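# Predicted coordinates and the sequence they were generated for:
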Amino acid sequence: MGGPAWLTAIFAAASLAVAVYCAGRLVVARGWHRPTELDTDGAHVVMGVAMAGMFVSGLRTLPSAIWEVVFAAAAVWFGYRMLQGRRGGQPSPWRSSHPLPHLVECAAMVFMFLILPASAAAGAATSGMSMTMTATESRFSFLTLPLALFLFGYVVWLGDRVTLRAPALALATTPATGGSGSPTAETARAYLAPRCAAICKITMGITMGYMLVLML
Amino acid sequence: MSESLAVGRAQARPAVQAGDAVGVAALDARRKLQLALGVIWVLDGILQFQPSMFTTSFPDMLAESAPGNPGVVSGPITWSASLIDHHVVVLNAIFATIQLALGLGIAWRPTLRLALAASIAWSLAVWWLGEGFGGILAGTASPVNGAPGPVILYAILAVLLWPADRDPAAPSVAERVVGRRPARAVWLVLWGSLAAFALLPASRAPGAISGMLTGGADGAPVWLAWIDTHAASALNHHGLAASIVLAVLLALVAVAVYLPAPILRAAIVLAVVLAAALWLAQGMGELFTGMATDPESGPLLALLALAFWPAAPRPAVPAPAIPVKEA
């Protein structure tokens, strides 16, 4: 990647930090019985690892083809969740409540892996993946810019919803076991660190948006 | 019942999840416009992190705004460009971080006022040191090349979207904040000056507009270059007519703010269309060249126009009955 190596290293470190933190959430949430969005956290684990590899070639773990399949599958899942939500399906505290942004993120990952120069994607580059598109790839720029703008919009929307104080009344209820749906001692569980989860999403959105801007 | 209802979602959901903030008010028109401004600031910050911005190309670009300006204006521009040239990596990283922070600060409600105030100061500084006042004093200002300078529009928007109501009964967001007369004066001056710039030699000279359109095509992707080169070709021998038509349309938009709401709405639609056309003419802010520091004036003019959209009159709320003491 062009530009200062320290900058790409920072973005790679941010991606990995999100991946590690989200992996930790998956483990802790089970142990503490505190709801978290399993699908979102899982997606961010693989996304963080994949993006770190895109920034710094030394962190590359899997071939592009495998990542494409992984993110395509994740996109299908979030698309299914979105359709389910539209049809009035029962929402769950353990699943993403806003699947559309994650669908776009996964689609953006597939998009980036598909259109990046083949040589870089195959690992030929030694100092990181080149994000500068050639004239051939520039025909996709009409997609890159809207994707980046969507992610920045998502980041700002999330920022708007992050509160200063902890949401003390953030309770996960399970109407099926909670009788009338009111939170009870067994069913009411505070959502696991919602502000940290939002900050992870913001970090991921900014980092992915940066990647897309580099591909403009 | 979940507390998630507090975020304004229509249907009940079983849990408050990440990104669902309890107690966050629903988004009104002003907040939506503020968030749109935040998005543009975030985009600016990320654009500033582009690799080319860490090279001497960035200070060179800043220095290009100095020629033609009076010495008192161009001197500080040259000085700041030279300073940035010597510390380009550190200073550019700081600039990018500031702009990103402004965007996130506008997004996060507790820091909204601070971020808006800081954005005004930042915009004014950049308008001078980075854009040479948009070429107004140099005589190169044209709506097609982004006059009066995109960054001054950030400052105007920050004022017009300030989270306070001076005239709560006013029909538009901008008028509610600063009052009807000041807001309309801002609109008139802005769009009126754009109309005037369209008639300056920088726009009406033979080949001026087509030259700017051709410049917008440089480094643009094929589809955008096609639009700009064809427009440049079409206007090649009609530069004067194009500048007059543009000036008339901009003047119509300018005066419409004093006309009844239905006409103003039509003018705002026209303003948004003109902003989109100008943005295309500007090569969409040269976002695709790797050298863009902002998306140029088009999106900001559109955002500003929407801030003047006259809302339907609110239904009158009956005043609470005041108990009358019986004698």
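Now that the structure is in, tell me what you want to look at. Numbering: from 1, shown residues only, chains lettered A, B, ... in the order given.

# gap between the spatially most central residue of chain A and residue A:108?
Nearest to the geometric centre of chain A sits residue A:44, at 4.2 Å (C-alpha atoms, centre = their mean). Taking C-beta to C-beta, to the nearest Å as the measure, residue A:44 falls 13 Å from residue A:108. Every residue, glycine included, has its C-beta placed from N, CA and C.

# that older thread, the residue nearest to the centre of chain A: what's it in contact with?
A:18-19, A:22, A:200-201, A:204 (C-beta atoms under 8 Å, 6 or more residues apart in numbering or on different chains).

# same question, residue B:124
B:152, B:155.

# ok so it is a helix residue?
Yes: using DSSP: H, G, I helix; E, B strand; the rest coil, the assignment for residue B:124 is a helix.

# Report pLDDT for residue 22.
I'll assume chain A. Per-residue pLDDT puts residue A:22 at 94.

# wait, chain B
Residue B:22 is given a pLDDT of 49.

# Residue B:145 too?
pLDDT for residue B:145: 87.

# Which residue, other than its chain neighbours, is closest to it?
Once flanking residues are discounted, residue B:145 sits nearest to residue B:212: 5.3 Å by C-beta to C-beta, 6 or more residues apart in numbering or on different chains.

# thought the one you found was touching residue B:144?
Yes: counting by C-beta atoms under 8 Å, residue B:212 touches residue B:144, with 4.6 Å between them.

# number of nearby residues for residue A:216?
By the criterion of other C-beta atoms under 10 Å in any protein chain shown, residue A:216 has 22 neighbours.

# so it sits right up against residue A:143, yeah?
No: the pair residue A:216 / residue A:143 is not scored as a contact, 10.5 Å apart, by C-beta under 8 Å.

# which residue ranges form the strands in chain A?
For chain A, the strands defined by DSSP state E cover A:171-172, A:189-190.

# and the gap between the nearest residue to residue A:44 once chain neighbours are set aside and residue B:84?
Leaving aside its sequence neighbours, residue A:44 sits nearest to residue A:22 (C-beta to C-beta, 6+ apart; 4.2 Å). Computed as C-beta to C-beta, the residue A:22 to residue B:84 distance reads 38 Å.

# higher neighbour count, the two?
Counted by other C-beta under 10 Å, residue A:22 and residue B:84 do not tie: residue A:22 has more neighbours, with 26 against 21.

# picking up where we left off before, what do residue B:212 and residue B:144 both touch?
By C-beta under 8 Å, 6+ apart, the residues touching both residue B:212 and residue B:144 are B:281-282.

# Between the two, which has more neighbouring residues?
For residue B:212 and residue B:144, the more surrounded residue by other C-beta under 10 Å is residue B:144, and the numbers stand at 26 against 22.

# show me what contacts the spatially closest residue to residue B:105 that is not a sequence neighbour?
Spatial nearest neighbour of residue B:105, excluding adjacent residues (C-beta to C-beta, 6+ apart): residue B:115 at 2.9 Å. Residue B:115 is in contact with B:101-102, B:104-106, B:108, counting by C-beta under 8 Å, 6+ apart.

# helix or strand for residue B:115, which one?
Per DSSP states H and E, residue B:115 falls inside helix B:112-129.

# continuing past that helix, what's the next helix or strand?
Past helix B:112-129, the next helix or strand by DSSP H and E is helix B:150-160.

# between that following helix and helix B:112-129, how many degrees?
If you take axes from the mean of the first three to the mean of the last three C-alpha atoms, to 10 degrees, helix B:150-160 sits at 150 degrees to helix B:112-129.

# Could you list every helix and strand that helix B:150-160 packs against?
Judged by 3 or more C-beta pairs under 8 Å, 6 or more residues apart in numbering or on different chains; DSSP states H and E, helix B:150-160 is in contact with helix B:29-48, helix B:112-129, helix B:173-178, helix B:180-198, helix B:297-306.

# which one of the ones you listed lies closest to residue B:92?
Of all the helices and strands packed on helix B:150-160, helix B:29-48 sits nearest to residue B:92, with 6.5 Å by C-beta to C-beta.

# how about stretch A:42-58: buried residues?
Under the neighbour-count criterion of 16 or more other C-beta atoms under 10 Å in any protein chain shown, stretch A:42-58 has A:42-57 buried.

# that older thread, how about the residue nearest to residue B:145, what does it touch?
Residue B:212 neighbours (C-beta under 8 Å, 6+ apart): B:142, B:144-145, B:281-282.

# My guess is residue B:119 contacts residue B:155. True?
Yes: Residue B:119 lies in contact with residue B:155 (C-beta under 8 Å); the separation is 7.1 Å.

# These two: who's more crowded?
residue B:119 (26 against 19).

# In contact with the more buried one: list those residues for me.
Here residue B:119 is in contact with B:41, B:102, B:106, B:154-155, B:158 (C-beta under 8 Å, 6+ apart).

# Check those and tell me the two furthest apart.
Applying C-beta to C-beta across the contacts of residue B:119, the maximum distance is between B:106 and B:155, 13.2 Å.

# For residue A:215, see how far away residue B:297 is.
From residue B:297 to residue A:215 the distance is 24 Å (C-beta to C-beta).

# Comparing these two, which residue is more hemmed in?
When residue B:297 and residue A:215 are compared for neighbours, residue B:297 comes out ahead with 27 against 24, by other C-beta under 10 Å.

# Poorly predicted segments of chain A, please.
Low-confidence segments of chain A, defined by pLDDT under 70: A:1-3, A:117-140, A:165-188.

# Show the contacting residues for residue A:47.
A:15, A:18-19, A:71, A:105-106, A:109, A:204, A:208.

# Closest to chain B out of those?
Chain B has its nearest neighbour among the contacts of residue A:47 in residue A:208, at 10.5 Å by C-beta to the nearest C-beta.

# Just confirm the closest one contacts residue A:151, I think it does.
Yes: counting by C-beta under 8 Å, residue A:151 is a contact partner of residue A:208 at 5.6 Å.

# Would you mind grabbing the residues shared as contacts by these two?
What both residue A:208 and residue A:151 touch, as defined by C-beta under 8 Å, 6+ apart, is the set A:105, A:108.

# Show me what the longest helix seen in chain A packs onto, helices and strands only.
Using DSSP state H to define each element, chain A has its longest helix at helix A:5-32. Counting contacts by 3+ C-beta pairs under 8 Å, 6+ apart, helix A:5-32 packs against helix A:38-55, helix A:194-214.

# Out of the ones you listed, which gets nearest to residue A:65?
That would be, of the helices and strands packed on helix A:5-32 and by C-beta to C-beta, helix A:38-55, which comes in at 12.3 Å.

# Tell me how far the closest one lies from the chain's centre.
Its chain's average C-alpha position is 6 Å from that of helix A:38-55, according to C-alpha atoms, centre = their mean, to the nearest Å.
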